[in-house]
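In: Could you work out the structure for the sequence below:
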Amino acid sequence: QVRVVESGGGLVQPGGSLRLSCVASGSILSTNGMGWYRQAPGKQREFVATFSSGDNTNYADSVKGRFTISRDNAKNTAYLQMNSLKPEDTAVYYCNAVGLDRWRMTFNSWGQGTQVTVSS
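Out: Residues are numbered from 1 along each chain as shown. Now for the predicted structure:
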């Protein structure tokens with residue numbers, strides 16, 4: 001069983017910054033990919049930023065240059081530094097972790113989400 005927990009959301013004014021954290025815990029052998037997604041009210045969940053195949057990073061066009069994903073492999077933790085926030089960044093942000101558990105079975109786990117609200 002792999003558990004993913006996000007934290008760091010909150011209310012911030014336009015132009016402000018927030019840093020989200022995501023911790024994967026449980027019977028983890030290795031975490032191969034971690035990423036962030038978001039879902040705004042009335043919209044589908046969308047990709048924000050991910051790590052893939054090592055240290056390669058991918059960003060949605062809407063957040064390039066403003067958001068930075070990073071991770072600590074030893075702690076199975078990922079971060080999302082969000083700068084120059086806009087009202088359209090308001091959403092519930094979800095973390096996804098993919099890897100192998102101690103039985104060498106693939107896991108693909110989601111957190112419960114953390115609310116980010118950008119408003120004056």
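
In: name the element the most centrally placed residue in the chain belongs to?
Out: Nearest to the geometric centre of the chain sits Trp36, at 2.8 Å (Cα atoms, centre = their mean). Using DSSP states H and E, the element containing Trp36 is strand 28-39.

In: in its sheet, what does that strand sit against?
Out: In the sheet containing strand 28-39, its partner strands are strand 46-52 (antiparallel), strand 91-101 (antiparallel), by DSSP bridges.

In: Surely the residue nearest to the centre of the chain is in contact with Leu20?
Out: Yes. Counting by Cβ atoms under 8 Å, Trp36 does reach Leu20; the two are 7.0 Å apart. Backbone N, C-alpha and C define where each C-beta goes, glycine included.

In: shared neighbours of the two, which are they?
Out: Counting by Cβ atoms under 8 Å, 6 or more residues apart in numbering, the contacts common to Trp36 and Leu20 are 80, 93, 95.

In: Let me know the pLDDT of the closest residue to Pro87 other than its chain neighbours.
Out: Leaving aside its sequence neighbours, Pro87 sits nearest to Val118 (Cβ to Cβ, 6 or more residues apart in numbering; 5.0 Å). Val118 carries a pLDDT value of 98.

In: cool, and Asn73?
Out: Looking at Asn73, its pLDDT stands at 87.

In: which ones are touching the closest residue to it other than its chain neighbours?
Out: Leaving out its chain neighbours, the residue that sits closest to Asn73 by Cβ to Cβ, 6+ apart is Thr31, at 6.9 Å. By Cβ under 8 Å, 6+ apart, Thr31 lies in contact with 24, 73, 76, 97-99.

In: Can you tell me how far Thr31 is from Gly99?
Out: Thr31 sits 4 Å away from Gly99, going by Cβ to Cβ, to the nearest Å.
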